[in-house]
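Asker: After the sequence you'll find the predicted model.
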Amino acid sequence: MPGLIKREDIDEVRQRTDIKEVVDGYVTLKGAGLGTFKGLCPFHDERSPSFTVRPQVGRYHCFGCGEDGDVIAFVQKQDHSSFQEAVEKLAARIGYELRYEDGGTGPNREEVGRRQRLLDAHKIADEFFQGQLLTPGAAEARTFLHGRGFDRAAAEQFGVGYAPQGWDALLKHLRGRGFTDAELKLTGMFSEGNRGIYDRFRGRLIWPIRDIAGDTIGFGARKLYEDDQGPKYLNTPETALYKKSQVLYGIDLAKRSIAKERQLVVVEGYTDVMACHLAGITTAVATCGTAFGTEHIKIARRLLSDDGTGGEVIFTFDGDAAGQKAALRAFEEDQRFTAQTYVAVEPSGADPCDLRQSRGDEAVHALVQSRRPLFEFAIRTTLKQFNLDTVEGRVQGLKASVPVVAAIRDASTRTGYCQALTGWLGMPDPNEVLRLVTTEVKNAAKRGDQGGAPAPATRTSATPSAPAAAPGGPGVAAGPPSGAVPSYHRPDPRDPVASMERQALEVALQEPALLVGGVWERFSAARFATPAFQAVHDAMRATDPALAADPVRWVEHVMHEVPEPLRPLVSELAVVPLPASTEEAVQKYCRDILSRLFELQITRVKADKMGQLQRLDPAADPETYQRLNRELMMLEMERRALRSDA
């Protein structure tokens, strides 16, 4: 068997392959605007074409079922092949000879040496950041830690550090230790611009992210200063070392306790892990900006010795809608464990860090002890949607809960919850619930055998997550790796501001070459009123503007930066047809949309300054009064210039 395909070869295959030509082999595509093609989706049944392909950005998106991806993902899904098989098929198609990392004989010396150099660079960077936390320039970082109840000993225990302000502090340090720029580019600790590479993390509090062996493989960084234009949390991007779907923050510190106590507590962020460990819950870990998924489960099962003899996994979530939604996603993954799975919900919305600050270590222990079985939580959350004081409500609650109970694969546990559901509904006949659940289990098994709907462990339309959507479309939960997870909902398409912001993001994703010079500066400084769109905008700002010359790479990097639940939205924005029939018309449309965005920003700034002016006493502060008037005049001139250009 050959080894892993070299990353640069994968990128080359993706770049050289025309996604339209590949999709044409499976789907009949027709033109749907300049550079856009549509056809009937190969992933779900439909009568009107909603499957859209945009070759310029190398992606597809179905506006019916939400399936999206690049050409490799398309071949994987269509052929039910592995990632490597899909790449090999596409490479053969274009006559490209792939190179492998180990040539089929395992990692070679060169590969081992390259990995070790990456680990060495991260170790030195880790030590550098920790040292910087003690310098005068890190006063704001120390204040942040102190404000959350962490002293110097706690910072040292978790290796918390500080990335100094400036562009090349870490770069100079690692160059001085003998690392070349080519090596440093592979670490994910640096961004690349027109003048070369520069520090990715600047003026931020730093947490080292370590693998289970204790080697530092990446970093998480929280912004501290108001003038920091980046996202609140910025993590290392995907690298040869750092794969966020396979990483659990704190696993190096928690692994012994997890194995000894047969318990894993999953919290939401770095400070929550710190708070739990300091409070004595030393089995706590957190994911790094992504949902707890299949790869994380593999790590947990190995540590828990998940062999059916015990152990427990406890998910802590906020008591709000986003927290419930996250818990129900965990329910879908629960069937992969034989360990007991629980949910610990804090009704006040406080996370472990907040609890420890306000109520002490005992409150953190109480949160974990308040855990409820995940199955019970899922069923009770379903029942909360209905008025169980009425006959109609009880009938609806029963119908909605049956698929949830049927999703429990262990027959004894399933029978037990049938009895519990009977009691929660106040039904006189316990056999009625058991009969309905048994029928649902059989029907789900038949659907699976016939290649139709999956087995009952998969979410159905009756599970509690379905009603969480906003009126304007399906809602998406996403957020930073610490604290409460914000909920992003698609805005009402009738909202003119949201509509304009969406159009601006469509332009920026599909025609990034327009974002040059002053245009990029203006776009980067813009603020979006719609939370989901602001998150996409943050991802663009975290992406190297130099990539704008290549739309395929530009979109791919934005996809990596955006919160994972919003990736389908980015895919959608990247492929939706722009309303123009010629290249000239497209360029004019894009410039007009960006001008409208910039004009909106000017209008917002003017409104703020006008408010300041109205609250000001000219006689008491004539200098400020005159300055504000001058600034308002300059803003109006800028607005008029934009309109004139448009």
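Answerer: That came through, no problem. Residues are numbered from 1 along each chain as shown.

Asker: Can you check which helix is longest in the chain?
Answerer: helix 583-615 (DSSP state H).

Asker: Now find how far off-centre that helix is within its chain.
Answerer: Chain-centre distance of helix 583-615: 29 Å, with C-alpha atoms, centre = their mean, to the nearest Å.

Asker: Can you give the distance of the host helix or strand of V75 from its chain's centre?
Answerer: Assigning secondary structure by DSSP states H and E places V75 in helix 71-79. Counting by C-alpha atoms, centre = their mean, helix 71-79 is centred 22 Å from the centre of its parent chain.

Asker: next helix or strand past it?
Answerer: Next helix or strand after helix 71-79 toward the C-terminus (DSSP H and E): helix 83-94.

Asker: Buried residues of the longest helix of the chain, list them for me.
Answerer: By neighbour count on 16 or more other C-beta atoms under 10 Å, the buried set for helix 583-615 is 586, 589-591, 593-602, 605-606, 609, 613. Placement of C-beta: from N, CA and C, glycine included.

Asker: What helices and strands are in contact with it?
Answerer: helix 496-510, helix 518-525, helix 622-645 (3 or more C-beta pairs under 8 Å, 6 or more residues apart in numbering; DSSP states H and E).

Asker: Let me know the angle separating it from helix 518-525.
Answerer: Calculated by axes from the mean of the first three to the mean of the last three C-alpha atoms, to 10 degrees, helix 583-615 forms an angle of 50 degrees with helix 518-525.

Asker: tell me the mean pLDDT for helix 583-615?
Answerer: For helix 583-615, mean pLDDT rounds to 77.

Asker: ok, now stretch 411-418?
Answerer: 86.

Asker: Alpha carbons of it, in PDB - could you do that?
Answerer: Extracted in PDB, the C-alpha atoms of stretch 411-418 (Å, rounded to 0.1, in the frame of the first residue of the first chain):
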ATOM      1  CA  ALA A 411     -32.600  -3.100  23.500                       C
ATOM      2  CA  SER A 412     -32.700  -3.100  27.300                       C
ATOM      3  CA  THR A 413     -32.000   0.600  27.600                       C
ATOM      4  CA  ARG A 414     -34.600   1.300  24.900                       C
ATOM      5  CA  THR A 415     -37.200  -0.700  26.800                       C
ATOM      6  CA  GLY A 416     -36.500   1.200  30.000                       C
ATOM      7  CA  TYR A 417     -37.000   4.500  28.200                       C
ATOM      8  CA  CYS A 418     -40.200   3.300  26.800                       C
END
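
Asker: follow-up on the earlier one: so for the helix holding V75, what gets flagged as buried?
Answerer: V71, I72, F74, V75, Q76, Q78.

Asker: can you give me the helices in the stretch 401-550 of the chain?
Answerer: 411-425, 430-449, 496-510, 518-525, 531-541 (DSSP state H, counting those that start in this stretch).

Asker: okay, these in TSV with distance to D272 next?
Answerer: Compiled in TSV, these are given as follows (distance: least, C-beta to C-beta, whole Å):
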stretch	distance to D272
helix 411-425	29
helix 430-449	36
helix 496-510	31
helix 518-525	31
helix 531-541	21
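
Asker: Out of those, which is closest to R115?
Answerer: Each of these was scored for nearness to R115 using C-beta to C-beta, and the closest is helix 531-541 (28.0 Å).

Asker: Run through who's touching the closest one.
Answerer: With C-beta atoms under 8 Å, 6 or more residues apart in numbering as the test, helix 531-541 has contacts from 229-231, 476, 478, 486, 488-491, 498, 501-502, 505, 508-509, 523-524, 526-528, 558, 561-563, 566, 569-570, 573.

Asker: Write the ChimeraX selection for whichever of these are buried.
Answerer: Command for ChimeraX that selects the buried part of the contacts of helix 531-541, burial taken from 16+ other C-beta under 10 Å:
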select :230,231,476,478,488,489,490,491,498,501,502,505,508,509,523,526,528,558,561,562,563,566,569,570,573
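
Asker: just to revisit the earlier point, what helices and strands are in contact with the helix holding V75?
Answerer: When contacts are defined as 3+ C-beta pairs under 8 Å, 6+ apart, helix 71-79 sits against helix 7-16, helix 19-24, helix 83-94.

Asker: which stretch among the helices of the stretch 401-550 of the chain comes nearest R47?
Answerer: Across the helices of the stretch 401-550 of the chain, closest to R47 is helix 430-449 (C-beta to C-beta), at 22.1 Å.

Asker: Looking at the helices of the stretch 401-550 of the chain, which is nearest to T143?
Answerer: Taking C-beta to C-beta, helix 531-541 is the member of the helices of the stretch 401-550 of the chain nearest to T143, at 24.3 Å.

Asker: After the closest one, which helix or strand is next? Please name it.
Answerer: Downstream of helix 531-541, the next assigned helix or strand under DSSP H and E is helix 551-561.

Asker: Outside of that next one itself, list whatever touches it.
Answerer: Residues from elsewhere that reach helix 551-561 (C-beta under 8 Å, 6+ apart): 11, 14-15, 56-59, 70, 237-238, 509-513, 536, 538-540, 542-544, 547-548, 567, 570-571, 574.

Asker: average pLDDT across it?
Answerer: Rounded mean pLDDT across helix 551-561 is 88.

Asker: Same question for stretch 33-44.
Answerer: Confidence for stretch 33-44, expressed as mean pLDDT, is 85.

Asker: What residues sit buried inside it?
Answerer: By 16+ other C-beta under 10 Å, the buried positions in stretch 33-44 come out as G33, G35, T36, F37, K38, G39, L40, C41, F43.

Asker: which residue packs closest to Q503, ignoring adjacent ones?
Answerer: Excluding its sequence neighbours, the residue lying closest to Q503 (C-beta to C-beta, 6 or more residues apart in numbering) is I593, at 4.9 Å.

Asker: Which other helices and strands does whichever strand or helix holds L398 contact?
Answerer: Assigned by DSSP H and E, L398 falls within helix 391-406. Judged by 3+ C-beta pairs under 8 Å, 6+ apart, the packing partners of helix 391-406 are helix 374-383, helix 411-425, helix 430-449.

Asker: got a markdown table for these, with mean neighbour count and distance to V266 too?
Answerer: Converted to a markdown table, those look like this (neighbours: other C-beta atoms under 10 Å; distance: least, C-beta to C-beta, whole Å):
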| stretch | mean neighbour count | distance to V266 |
| --- | --- | --- |
| helix 374-383 | 22 | 11 |
| helix 411-425 | 16 | 21 |
| helix 430-449 | 16 | 28 |
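
Asker: In a markdown table: the ones you listed, plus distance to P347.
Answerer: Formatted as a markdown table, these follow (distance: least, C-beta to C-beta, whole Å):
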| stretch | distance to P347 |
| --- | --- |
| helix 374-383 | 13 |
| helix 411-425 | 19 |
| helix 430-449 | 28 |
